[in-house]
Structures are given as C-alpha cells and as structure tokens.
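*Asks:* Here is a sequence with its predicted model. Questions after.
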Amino acid sequence: MSETILEARSLAHAFDYPLYRDVSLTMKAGDTVAVMGRSGSGKSTLLHSLAGLIEPLEGEVKLFGQSLYRLKEEEKERLRRYRTGIVFQSHYLFKGLTGRENIEIAAMLAGREVDGALLERLEIARVVDQKVSQLSGGQQQRVSLARVLSKEPEIVFADEPTGNLDDETAEAVMAALLAYVQEKNATLFMVTHDPAVARLCRQVYRLESGQLLDVGEL
C-alpha cells in the first residue's frame, strides 16, 4: 500500500468573498492530481494552502502525517527545503546569476547535486550557463523547474507550470515533470487552466462554486 503523502480535511478559505469550502483530498505516493477552474476560483489559493504558504481559514492539512499548520515555522521551512517543491507560474529566479547557479543553490541547500540528465531532458543543458536575464521566458521556466526537481522533492506543487509557454515548451516541461514523478514515485498536485495539460494527470478535479468536483477523465 502506498504511503499517504497529503491529507486535506474540510478546508475553507475566503478573501473579500468566499473561495471554497469543505474541500477534502487525500494523495498517496505516485498520485498525480490536476485542479482546473476559472480565474479567481481559488485554485492557486488551494495549492498555497496545501503547500504550507497560506493557512486556511478552516480545516486541516497534513503532509507526511504531520499537521502542517501546527508546525513551527522552522519545521515548515525544513519540509519546504527537503521534501516539497513548488513550481510557480512566475519563476522567481535570481536574474544576476546563471541558470546553473540558480539550480545549484537549491540543490546544495537540500543536500543534493544537479543531475545533468535532468538538464538534458528539459533541453537547457546548452544554455544553462548563461545569465538568467539572457534566457527566453520558456528557458527561464525550465530552469525554474530544474531548480525544484534538483532538490528531489517527494511532492511537487505546480501552479500553472505551462501557463506562459508555447505548446512545444509546455510539452517538454510536462514530459520532464511527469518523468520525474514516475522515476521517483513522487506525488504531483497541479493547478492549470489547460484541459490538455490536466488530462496528463491520473485524477482531475474542477474547483467550481466553492466546491472541489471530481470530473474524472477529460
């Protein structure tokens, strides 16, 4: 039986208006889940709550059996550094460094080494020694993904990882991400607006009218 990686129970969140309520989800090692929904439906907020970035107004999140929002900040930081990875739509790279230096910093902090095969798979091996400011948007997003995967996280949270990419680059990013999940028996929670990207995951949900709805296969 696969290890339970993530448990969310009865989550609710709101800003100036309610986003979602009574959201529950369980993910085991190797699971891949995509959540779709219109802009403003709360997809990214849900991801941030599951990843430990935003505390939900109600409910509980457990990562690796630990109640996430009962942990001390340094304990949550340890989880983020060593066991989880977050891919943002905006890549947040250090523009004054090379792509390789960005990746190496993350790998070093997690006690890992950069995998050359990963750079080849993401098709950035030939450009990774250039400054980030010299890379195209698609190359920067692939460097961002390499930075996350170089930590060898057990669960990856991906927030619109292909949102700003052309079809060819999006395909390369998703192929590398899913290959990593399969090789490492890792877990993937992703939010996306793209049905073609969502259907690459084993389970697809739609966040609609405050509810997380199982839509099965697209």
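*Replies:* Yep, that arrived.
*Asks:* So what sits opposite L188 in the bridge?
*Replies:* According to DSSP bridges, the partner residues bridging L188 are T32, V156.
*Asks:* roughly how far apart are it and I5?
*Replies:* According to Cβ to Cβ, to the nearest Å, L188 and I5 sit 10 Å apart. The way it works is simple: take the backbone N, C-alpha and C, and place the C-beta from them, glycine included.
*Asks:* Among those two, which residue is more densely surrounded?
*Replies:* Comparing L188 with I5 by neighbour count (other Cβ atoms under 10 Å), the higher total belongs to L188, at 26 against 22.
*Asks:* what residues are up against the more buried one?
*Replies:* Listed by Cβ atoms under 8 Å, 6 or more residues apart in numbering, the contact partners of L188 are 31-33, 155-156, 158, 177-178, 181, 201.
*Asks:* Which among these count as buried?
*Replies:* 31-33, 155-156, 158, 177, 181, 201 (16 or more other Cβ atoms under 10 Å).
*Asks:* nearest to T98, of the residues you listed?
*Replies:* L177 (22.3 Å; Cβ to Cβ).
*Asks:* Would you quantify the distance from that closest one to A170?
*Replies:* 11 Å.
*Asks:* could you pull out the strands for the chain?
*Replies:* 4-14, 18-28, 32-36, 58-63, 66-67, 84-87, 155-159, 187-191, 203-208, 211-214 (DSSP state E).
*Asks:* thought G85 was touching V148?
*Replies:* Yes. G85 lies in contact with V148 (Cβ atoms under 8 Å); the separation is 3.9 Å.
*Asks:* if I look at the nearest residue to L19 once chain neighbours are set aside, how far off is H13?
*Replies:* Among residues not flanking L19 along the chain, G42 sits closest, at 3.4 Å (Cβ to Cβ, 6 or more residues apart in numbering). Using Cβ to Cβ, G42 is found at 7 Å from H13.
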